[in-house]
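Student: output the structure for:
(2 chains)
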Amino acid sequence: MAAASSPTPAPLSAPASVARAATDRRYVVAVVGNPNTGKTTLFNALTGLTQHTGNYPGVTVESAIGEFTADGDRFLAVDLPGTYSLSPRAPDEMIAVKVLLGFGAGVHAPDVVLCVLDATNLDRNLYLLTQILDIGRPVVVALTMTDLAHKQDIVIDIPGLEKRLGVPVVPVQANRRIGLPALRQALRHAARNAHEPVRPVHFPAVFAHEVDTLTQSLCDTNVHPSFPRFLLERLLIDAGGAIEVELTRQLGVEIRAQTEAARARLAAAGTPVPQVEVDSRYHWITQVIETTVHQPLTTSQTWTDRIDKVVTHKVWGLTVFLVTVAITFQSIFSWAAPVMDGIDALFKAIGTRVGDFLPAGPLRSLMVDGLIGGVGAVIVFVPQIATLFGLIAILEDSGYMARAAFLMDRVMASFGLSGRSFIPLLSSFACAVPGIMSTRSIDNRRDRIATILIAPLMSCSARLPVYVLLISAFIPARTVWGIVGLQGLTLFAMYLLGLVIAPPIAFALKRTILRGEPVPFLLELPPFKVPAWRVVLFRMYDRSWAFLRRAGTIILATTVLVWALSYYPNQHRVAQEFQTRRATASAEERERLNSEEAGARLRESFLGQAGRAIEPLVRPLGWDWKIGMATLASFPAREVIIAALGTIYNLGSDQKEGSVELRQAMQAERWPDGRPVYTPVVALSIMVFFALCCQCGATLATIKRETGSWGYAVFTFAYMTSLAYLGALAVYQIGSHLV
Amino acid sequence: MAGDGVTIPTLPSNENRMSVRIDSEIENHYHLIPMKRTLADLNPNEAGCIRSILGADGLSQRLAEMGFTLGQMVRVVRFAPLGDPMQIRIRGFNVALRRNEARRIVLDPL
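Tutor: As a prediction, this is how the structure comes out:
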C-alpha cells in the first residue's frame, strides 16, 4: 500500500551541480515545513556558513543548500519553500513535490525528509506531515517553538507522539542551538536505515479503489514508467492542480476524462474530493492531538496580540507603517551613502594607478574605462542592496512584513494585485533584480507576472546617480514654500513618478494580457519574534552576492561591449590630424588637444555614429546627439550614462576627474547657436526618461529567468521605453512652453 | 458539496438575538451572535462554527488544509484599517482573509 513504486536508492553520490568534491558520498536531506515554523533558522543552525543558494539536482528552482556532518557522515541539506500542503497548484509548488518524490529526469529523491513542526500549532502542521509520510521516504520530525509552547502551557507527550507518527521527533530550539546534536543523530540514523514510514492516514476504501483503477488503466495504456501512488492520489484530489496539468500534457487528455469520471463517482459515493482528503487527515490528527497534546482551554493574551493591537490600528498602525517605510528609504539613501562614496573613490584610485602603468591605447582604455569602471559601477550598489535586504529580513523574520501586507492589501487590491506584491515592489526601490526574485512568494502566477512587469518602474538605486548629477547641476538650489528644497522636491517627484504610473499599468495588465479569475488572498499573520541575526546577516550576504554575480556578469559584459563600440573604429585620420596639431602646440594646448581628440574619436566611433543617426528621434525631447548616444550606451545599466557622458565630454579618458568637472562640462555645453544644451527642462526630460525606461540588462535577464520567457522581458523593455519616450516628450514640450 | 452551504439557517426570533458571552479568554470576550450567516458578516470579537465552505476550487481546498474544517470555531479579530482584509483566528493562529473570500465561509450559530 505504501508508495510502492518509489524506489529506495542507495545514498547518492553528491550531484556535480551542488557538490565541489563529487567523490565522497553524502546523504541528501530535504527540509520541509509550514511557513513561519522557524524552518530557516533551523536550517541556518544546522548548516552554518556552508550554505549557499543553488539548485536541487535536476530542478531549476533555486533554494538554500548547505552541508553538515553527523558522526563522520556527510549531509547535503536543501531548504524547500515553506508550504501548508503538498497539493501543488503553482508550477513552483510542483517542484517541491517532484523533489520529494524523486520524480522526473535527473531528480533524486532525498535520503531523509526533515519535517519542521511548530509546537504551538501542531494540528495544522501535522497536516503536511501526514502527506509527507504518504510519500514513503524516511522522515525525521524537528519540533520547533517548544519554548513558546511552554509559555502557552502546551504540553506535548513526545514519546507518545513518536509512537503515533512512527518517526523520531526531536525538540529543538535552533536560535539557542538546543537539540541540534540529537537532531543530527536522528537524521543519520534515518538515512542509514532508510526505513520507510507507515502511512498513518487511511482514506475510505472507495477512494483507494479509484486510485487502484487509475493506476491499472495507466499501466495498461501506457509504456510510461509507473507513477508514484502519491502522485495519482494527488491527481484525483486536486482538480485543476499542477499535477493534472502536467500529466495531461504528458499522457494526453484521456487521463483528464478518466480522472473526472472517478471524481464524479467519488462525489456520488459521498466522499467528494478534495473534502475526502482533508476529512481523513484531520480526523486522524484530532485523534493524535487528543492523546498526545495537552492544551489549556483558555488562552491568555500574548505579546503578539498586544503588538498587533498597535501595528494594525487605524491610526497607530498606519503611522508605524509609514515610519517603517521612511526608515527603509532613509537607510537606502543616507546610511549606505558613505560606504558607496568610499567604494567609488577606491575604484577611481585603482583606475588611476592602473592607468599610470599602462601605455595609452586600447589595453589601457579597456582596463581603466571598461573593466575597472564597469566593476566599480556594479560594486557601488552593494551597500544599498545589503542594507535593504538586511531591513527586509528583519521585517520578515520579526513577523511585521505580513502585517504590512495586511495593511496594504486594500490599496493593492484596487489595482488588481494583493498585499503580497507589496514586498517585492518595495525591494525594487533598491534594485529591481532582487525585487523580481522576491516575487516567488506570490502564489498566483498572473499576480506574480504583473508584479514583475511593474517592478522595474520603481525608482531603483541605479537611477539615483543620474538624478543626483542632473539635479545638482541644473535644478536651482532654491527653497519653495519656505521649507522644502527644490532639489529635494525634484528627487522626491522622480521617486513618486514610478509609484504613480505603476498602479494603472498593473490595472491595465490585469484587465488585458493577465486577465483571469480573481485571486484569493490568504496570508498567515505569524507571532512576532525577535529576528534571528544569523538569518538577517545571511540574507544580506546572500542577496549581495547574488546581485554581484548576476548583475556583475551582465553589466560587465555589456560595459565592455559599449566600451568597444565607443572606442572602435580607431580612426587613423583623426589620430594623424591631432598628431600634427600637437607637434606645433604648447604644453598647455597639448592637454586641451588630447581632450579634443578623445571627443573627435568618440564622434566617429560606432556609438557616435549611432547617436547621430538617432538624433532626429531625440530632438523632440530637447536632447542633442550626445545625450542620445549616452542613452544608447547606458542600455546595459542606467548609471552607465554618467560614465558615457564623462567620456563624451572628454573627461572619462583618464578617470582623474570627479563628477564636479563633469557637471561643469555639461553646464558649459552649447548648441551651435550658443544656447546651452542643458536647461532645467532638458534635465527633467532626461530624468523622466530614466525614471520610466528599462535600461537595465540585469533586470531584463532576471525577468527572462523568472518568467521563463524572453517574451515578458521584451515586452517590459518595449512598454517602458515607449512610456519613457512619451514622458520625456511631454515634459520637454510642455515645459519649454511654460518656461 | 458546493450546493450544501447555500441553505441559509432560519433567522432566529428577536428574543434569541441576545448575544451570549463566554469568558473563554482572559481579556477578550467574544460575542456569539446567532443571526450572522457568513464569516464576513461577523464583527470583531465575534465567533462562529464553520458549517460549510462554498465552492470547490483551490481556495476552499487551501482553507480546509489550513484547518478551516467543518465544525471548527473561527473568530474575527479585526478588520484592516482600510476595511479589508480581515484578521481571523482559528486553531490558535491568525490569518488574513478578504471579505470576499470570508463570505464563502458559512457559519453555524454557536
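Student: touching chain B at all, stretch A:194-202?
Tutor: No. If you take CB under 8 Å from any CB of the partner chain as the test, stretch A:194-202 misses chain B, and the best it gets is 13.3 Å. C-beta here means a position set from N, CA and C on the backbone, and glycine is covered the same way.
Student: buried stuff in that stretch?
Tutor: Along stretch A:194-202, these residues count as buried under the neighbour rule (16 or more other CB atoms under 10 Å in any protein chain shown): A:E196, A:P197, A:R199, A:P200, A:V201.
Student: can you get me the start-to-end distance on it?
Tutor: 23 Å (CA to CA, to the nearest Å).
Student: coming back round to it: for chain B, state which of the buried residues of stretch A:194-202 is nearest.
Tutor: Nearest to chain B among the buried residues of stretch A:194-202, counting by CB to the nearest CB, is A:V201 at 13.3 Å.
Student: does the host helix or strand of A:L100 come close to chain B?
Tutor: Using DSSP states H and E, A:L100 sits in helix A:91-101. No. Interface with chain B: helix A:91-101 contributes nothing (CB under 8 Å from any CB), its closest point being 10.9 Å away.
Student: quick one: contacts of that helix?
Tutor: A:6, A:30, A:32, A:56, A:59-61, A:78, A:80-81, A:83, A:86-88, A:103-104, A:107, A:109-110, A:113, A:132, A:135, A:137, A:228, A:230-231, A:234, A:242-243, A:246, A:440, A:443, A:445 (CB atoms under 8 Å, 6 or more residues apart in numbering or on different chains).
Student: again, but for stretch A:252-266
Tutor: Residues from elsewhere that reach stretch A:252-266 (CB under 8 Å, 6+ apart): A:206-207, A:210, A:213-214, A:217-218, A:221, A:235-236, A:239, A:244, A:247-248, A:272-273, A:276.
Student: mind doing that once more with 6 Å?
Tutor: Outside of stretch A:252-266, the residues within contact range by CB atoms under 6 Å, 6 or more residues apart in numbering or on different chains are A:E210, A:L235, A:L236, A:L247, A:T248, A:P272, A:V273.
Student: any idea which residue sits dead centre in chain A?
Tutor: Nearest to the geometric centre of chain A sits A:M437, at 1.7 Å (CA atoms, centre = their mean).
Student: all strands for chain B, in order.
Tutor: For chain B, the strands defined by DSSP state E occupy B:20-22, B:30-32, B:47-53, B:73-79, B:86-90, B:93-97, B:105-108.
Student: helices or strands up against the fourth one?
Tutor: Going back to what we said before, that points to strand B:73-79. Secondary-structure packing of strand B:73-79 (3 or more CB pairs under 6 Å, 6 or more residues apart in numbering or on different chains; DSSP states H and E): strand B:47-53, strand B:86-90.
Student: what angle do it and strand B:47-53 make?
Tutor: When axes from the mean of the first three to the mean of the last three CA atoms, to 10 degrees is applied, the directions of strand B:73-79 and strand B:47-53 differ by 110 degrees.
Student: is chain A contacted by the longest helix belonging to chain B?
Tutor: Using DSSP state H to define each element, chain B has its longest helix at helix B:58-65. Yes. Contact of helix B:58-65 with chain A (CB under 6 Å from any CB of the partner chain) involves B:G58, B:L59, B:Q61, B:A64, B:E65.
Student: can you tell me the closest non-neighbouring residue to the last one?
Tutor: Once its chain neighbours are removed from consideration, B:E65 has its nearest residue in A:S85; the separation is 4.2 Å (CB to CB, 6 or more residues apart in numbering or on different chains).
Student: what about the one you found, how many neighbours?
Tutor: Per other CB atoms under 10 Å in any protein chain shown, the neighbour tally for A:S85 reads 23.
Student: SS state for the closest residue to A:Y649 other than its chain neighbours?
Tutor: The spatial neighbour of A:Y649 that comes closest, neighbours along the chain excluded (CB to CB, 6+ apart), is A:A665 at 4.0 Å. Secondary structure assignment for A:A665 (DSSP: H, G, I helix; E, B strand; the rest coil): helix.
Student: neighbours around A:A665, how many?
Tutor: When neighbours are counted by other CB under 10 Å, A:A665 comes out with 18.
Student: pretty sure it sits against A:L645.
Tutor: No. Taking contacts as CB atoms under 6 Å, A:A665 lies outside contact range of A:L645: 8.3 Å.
Student: now do the buried residues in the helix holding A:L100.
Tutor: A:D92, A:E93, A:M94, A:I95, A:A96, A:V97, A:K98, A:V99, A:L100, A:L101.
Student: and the strands in chain A?
Tutor: For chain A, the strands defined by DSSP E occupy A:27-33, A:52-55, A:62-70, A:73-79, A:112-118, A:139-144, A:155-156, A:169-171, A:293-294, A:479-480, A:484-485, A:522-525.
Student: who's in contact with the last one?
Tutor: By that I understand strand A:522-525. The contact list for strand A:522-525 (CB under 6 Å, 6+ apart) reads A:A402, A:A405, B:N94, B:V95, B:A96.
Student: PyMOL command to pick out the buried ones of these?
Tutor: PyMOL command restricting these to the buried ones, with burial defined by 16+ other CB under 10 Å:
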select buried, (chain A and resi 402+405) or (chain B and resi 94+95+96)
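Student: and the contacts of strand A:522-525 as CSV, adding pLDDT and distance to A:L497?
Tutor: Shown next, in CSV, are the contacts of strand A:522-525 (pLDDT from 0 to 100; distance: CB to CB, whole Å):
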residue, pLDDT, distance to A:L497
A:A402, 89, 29
A:A405, 89, 24
B:N94, 94, 37
B:V95, 95, 36
B:A96, 95, 30
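Student: format the contacts of strand A:522-525 as CSV; extra columns: distance to A:V311.
Tutor: Compiled in CSV, the contacts of strand A:522-525 are given as follows (distance: CB to CB, whole Å):
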residue, distance to A:V311
A:A402, 10
A:A405, 12
B:N94, 12
B:V95, 16
B:A96, 13
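Student: which one among the contacts of strand A:522-525 gets closest to A:R582?
Tutor: The nearest member of these to A:R582, counting by CB to CB, is A:A405 at 64.7 Å.
Student: tell me the contacts of the closest one?
Tutor: Taking CB under 6 Å, 6+ apart as the test, what A:A405 contacts is A:G419, A:R420, A:F422, A:L523.
Student: contacts only, for the nearest residue to the last one once chain neighbours are set aside.
Tutor: Put plainly, it is A:L523. Spatial nearest neighbour of A:L523, excluding adjacent residues (CB to CB, 6+ apart): B:A96 at 4.5 Å. The neighbourhood of B:A96, defined by CB under 6 Å, 6+ apart, consists of A:F406, A:L523, A:L525, B:P85, B:Q87.
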